[in-house]
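[1] Give me a 3D structure for the following:
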Amino acid sequence: MLRLSEVKLPLEHTEADIQSAILKKLSLAPKDLIRHKIFKRSYDARKRGAVSFVYIIDIETTREQQLLQKFKKDPHIVPTPDTSYRYVTQSSSGLEQRPIVIGCGPCGMFAGLLLAQMGFRPIILERGKAVHDRSVDTFGFWSKAKFNPESNAQFGEGGAGTFSDGKLYSRIKDANHHGRKVLAELVNAGAASEILYINKPHIGTYRLVKIVENIRNTIAALGGETRFQSRVEQINIENGQVCGITLASGEYLPSQHVILAVGHSARDTFEMLHQAGVYIEPKPFSIGFRVEHPQTVIDKCRLGSQAGHPMLGAADYSLVHHCANGRSVYSFCMCPGGQVVAATSEVGRVVTNGMSQYERSGKNANSGIVVGITPADYPESPIAGIEFQRRLEEQAFALGGGTYEAPGQLVGDFLAAQASTQLGTVKPSYKPGVHLCDLSSSLPDYAIEAIREAIPAFDKQLDGFAMHDAVLTGVETRTSSPICIKRGDDYQSLNTKGLYPAGEGAGYAGGILSAGVDGIKVAEAVALSIQNQ
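    Model (predicted):
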């Protein structure tokens with residue numbers, strides 16, 4: 001097949017228009033076009049009110065070789081690459097020990113799935129509950145029910161990604177097309193097939209719940225096992241080699257191959273690993289607030305007169321500003337038509353995140369507005385970033401009134417350095433609720449200074465961003481892991497053989513897709529290691 005890229009069409013076009021564009025570009029007669037399939041669809045909104053769709057299309061034609069020769073200098077007409085996934089090995093019968101996967105977020109889930117598909121019958125350990133029960137706990141907490149530190153927006157089947165926008169795009173280099181494998185498995189588990197071709201695909205929280213359950217059932221059917229409410233108390237190491245794990249219940253599970261896919265909030269696990277001597281380095285991350293605007297403001301600014309068109313949906317944005325004090329401020333995890341959610345995993349702390357349902361039909365747009373920080377801001381130890389986060393989350397809990405309400409402030413008041421006392425036109429979506437105050441004490445002075453400089457700068461890029469009634473909700477601290485558990489080319493810890501740090505918690509991913517890809521890579525390394533023993 002041939003891959004044809006940069007096929008541009010107006011917003012109002014039909015399937016017939018796509019075929020006509022192919023025939024025109026290739027000077028092809030209709031009888032020579034056997035079929036075509038959309039590989040990728042995005043839209044170009046650089047000119048407001050003149051949005052166009054941009055396609056990458058795979059075509060089958062009777063004249064493939066002639067066309068390749070004719071357009072050999074055209075980078076937009078090339079042979080379609082092979083993106084099919086091939087397993088690196090298959091298990092021989094009779095495993096002495098089963099590989100263990102700690103964590104059932106996107107990374108652990110895909111690591112477990114791949115190991116199961118290769119016949120290695122993994123044991124997946126998840127400290128939280130199965131996704132349905134976890135959802136009951138999480139939504140219950142948002143409705144002012146009791147907070148469960150082991151079952152919440154961070155901990156439980158599906159990981160933090162379950163209570164997010166379900167975004168499925170990444171900037172990682174993926175020469176082996178592992179990302180395509182992730183998307184294909186999600187479709188097999190019930191996701192809409194459109195995620196295979198639309199730009200910036202997303203699933204939505206409610207749909208993710210069923211998909212996660214289906215993947216778990218697939219793993220079980222292949223001989224794998226998922227154990228819930230099974231927190232790992234200790235990773236047992238002898239002479240620099242992992243030999244097993246001990247659960248909080250006291251149960252010991254032997255294994256010389258342990259994948260650590262615990263996510264960015266398993267702070268007690270990070271502390272345990274540090275005490276055990278596993279090599280860890282501090283890592284940069286970001287801190288800030290969630291900001292909410294009316295989605296209609298974002299749509300109008302980004303799409304102009306075409307705002308609200310059903311083919312375009314709710315508009316998003318991506319912003320960055322480099323500040324005079326040397327800090328950078330950027331938008332993070334932008335959720336069109338979504339809501340701000342309570343994402344704490346520890347008692348007496350407040351953390352925000354954002355999520356959207358599939359329809360993205362909420363009244364507000366929200367995004368993290370965060371400031372980059374580095375280990376120079378928390379130099380005490382390799383895991384000092386954890387305590388840095390905790391201090392900010394405890395302060396947010398206090399500013400919010402000590403009830404898990406989040407501290408909030410109108411953007412206009414924040415810029416004027418005065419406390420907010422009443423809401424305007426924008427009603428914050430955070431549950432259990434928002435307590436208006438002055439956010440200036442919720443972050444370090446350099447972060448407050450940077451965000452105050454960035455918001456007017458963002459307003460020049462996105463008219464209305466600095467609107468007085470927009471709402472800031474604090475604090476956003478879990479943008480990424482504060483540590484990196486370093487690994488070598490064999491994907492094993494630098495100083496602990498048999499321990500495979502993986503995913504976002506270990507510092508090797510930054511979202512659902514990249515975490516799933518990393519899970520696949522690590523599963524491949526484990527499978528090859530077992531086979532070569």
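[2] distance of Phe71 from Pro444?
    56 Å (CB to CB, to the nearest Å). All C-beta atoms are positioned from the backbone trio N, CA, C, and that covers glycine.
[3] And Leu23, by the same measure?
    Leu23 is 60 Å from Pro444, by CB to CB.
[4] And the helices in the stretch 201-350 of the chain?
    205-221, 267-275, 295-303 (DSSP state H, counting those that start in this stretch).
[5] Kindly report the same for the chain.
    Under the criterion DSSP state H, the chain contains helices at 15-26, 64-70, 106-117, 131-142, 178-188, 205-221, 267-275, 295-303, 384-399, 411-416, 445-461, 512-531.
[6] just how off-centre is the second one within its chain?
    If I follow you right, that is helix 64-70. Distance of helix 64-70 from its chain centroid, counting by CA atoms, centre = their mean, to the nearest Å, is 40 Å.
[7] now the fifth one
    The offset between the C-alpha centroid of helix 178-188 and the centroid of the whole chain comes to 15 Å, using CA atoms, centre = their mean.
[8] Can you list the helices and strands that that helix packs against?
    helix 106-117, helix 205-221, helix 512-531 (3 or more CB pairs under 8 Å, 6 or more residues apart in numbering; DSSP states H and E).
[9] now do the third one
    For helix 106-117, the helices and strands in contact under the criterion 3+ CB pairs under 8 Å, 6+ apart are strand 100-102, strand 123-125, helix 178-188, helix 205-221, helix 512-531.
[10] Nearest to Thr138 among the ones you listed would be which one?
    helix 205-221 (9.7 Å; CB to CB).
[11] Next, the angle from that closest one to helix 512-531.
    Calculated by axes from the mean of the first three to the mean of the last three CA atoms, to 10 degrees, helix 205-221 forms an angle of 10 degrees with helix 512-531.
[12] circling back to that earlier point, of the helices of the chain, which approaches His36 most closely?
    For the helices of the chain, proximity to His36 was assessed by CB to CB; helix 15-26 is nearest, at 5.9 Å.
[13] so where is the chain shaky, pLDDT-wise?
    Applying pLDDT under 70 to the chain picks out residues 165-166.
[14] redo that, cut-off 90
    The model of the chain has pLDDT under 90 over residues 43-51, 92-97, 144-145, 160-176, 198-209, 304-305, 308-313, 356-361, 511, 532-533.
[15] just to revisit the earlier point, nearest to Arg127, out of the helices and strands packed on helix 178-188?
    helix 106-117 (11.1 Å).
[16] how distant is the closest one from the center of its chain?
    17 Å.
[17] Same question for it: list its buried residues.
    Within helix 106-117, the residues that count as buried by 16 or more other CB atoms under 10 Å are Pro106, Cys107, Gly108, Met109, Phe110, Ala111, Gly112, Leu113, Leu114, Leu115, Ala116, Gln117.
[18] which residues of the stretch 301-450 of the chain fall in strands?
    320-322, 328-335, 339-342, 352-355, 364-373, 406-410, 434-436 (DSSP state E, counting those that start in this stretch).
[19] mind checking which of those is nearest Lys8?
    strand 328-335 (24.9 Å).
[20] other SSEs contacting the closest one?
    Strand 328-335 packs on strand 285-294, strand 320-322, strand 352-355, strand 364-373, helix 445-461, going by 3+ CB pairs under 8 Å, 6+ apart.
[21] now those as CSV including mean neighbour count and distance to Lys210?
    As requested, those are exported to CSV (neighbours: other CB atoms under 10 Å; distance: least, CB to CB, whole Å):
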stretch, mean neighbour count, distance to Lys210
strand 285-294, 26, 27
strand 320-322, 16, 35
strand 352-355, 28, 16
strand 364-373, 26, 25
helix 445-461, 18, 37
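[22] May I see the ones you listed organised as TSV, with distance to Ile235 added?
    Shown next, in TSV, are these (distance: least, CB to CB, whole Å):
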stretch	distance to Ile235
strand 285-294	24
strand 320-322	38
strand 352-355	28
strand 364-373	29
helix 445-461	35
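[23] was I right about Val340 contacting Phe289?
    No - the criterion here is CB atoms under 8 Å, and Val340 misses it with Phe289 at 9.6 Å.
[24] any common contacting residues for these two?
    Counting by CB atoms under 8 Å, 6 or more residues apart in numbering, the contacts common to Val340 and Phe289 are Thr352, Thr473.
[25] For Ala29, see how far away the residue nearest to Glu64 when sequence neighbours are not counted is.
    Distances taken as CB to CB, 6 or more residues apart in numbering put Leu2 closest to Glu64, at 5.9 Å, once the chain neighbours are dropped. Using CB to CB, Leu2 is found at 15 Å from Ala29.
[26] More neighbours: which of the two?
    Leu2 (20 against 11; other CB atoms under 10 Å).
[27] Settle this for me: Ala29 is touching Leu23, isn't it.
    Yes - using CB under 8 Å, Ala29 is in contact with Leu23, at 7.4 Å.
[28] tell me what the longest strand seen in the chain is packed against?
    Of all the segments of type strand in the chain, defined by DSSP state E, the longest one is strand 33-44. Strand 33-44 sits against helix 15-26, strand 52-61, with contacts defined as 3+ CB pairs under 8 Å, 6+ apart.
[29] Would you tell me which of these gets closest to Leu415?
    Taking the helices and strands packed on strand 33-44 one by one with CB to CB, strand 52-61 is closest: 35.9 Å.
[30] Quick check: buried residues in that closest one?
    In strand 52-61, counting by 16+ other CB under 10 Å, buried: Phe53, Tyr55, Ile56, Ile57, Asp58, Ile59, Thr61.
[31] Just grab the bridge partners of the third one for me.
    The reference is to Ile56. Lys40 (DSSP bridges).
[32] Which residues are in contact with Pro79?
    For Pro79, the contact set (CB under 8 Å, 6+ apart) comprises Met1, Leu2, Arg3, Leu68.
[33] got the buried residues for the longest strand of the chain?
    Neighbour-count burial for strand 33-44 [16+ other CB under 10 Å]: Leu33, His36, Ile38, Phe39, Arg41, Tyr43.
[34] swap in stretch 321-333?
    In stretch 321-333, counting by 16+ other CB under 10 Å, buried: His321, Cys323, Arg327, Val329, Tyr330, Ser331, Phe332, Cys333.
[35] Just list the residues touching the third one, thanks.
    Same thing as Arg327. Taking CB under 8 Å, 6+ apart, we find Arg327 in contact with Val371, Gly372, Ile373, Tyr446, Ala447, Ala450.
[36] would JSON lines of the residues you listed with distance to Glu476 be doable?
    Below are the contacts of Arg327 laid out as JSON lines (distance: CB to CB, whole Å):
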{"residue": "Val371", "distance to Glu476": "10"}
{"residue": "Gly372", "distance to Glu476": "12"}
{"residue": "Ile373", "distance to Glu476": "12"}
{"residue": "Tyr446", "distance to Glu476": "16"}
{"residue": "Ala447", "distance to Glu476": "11"}
{"residue": "Ala450", "distance to Glu476": "14"}
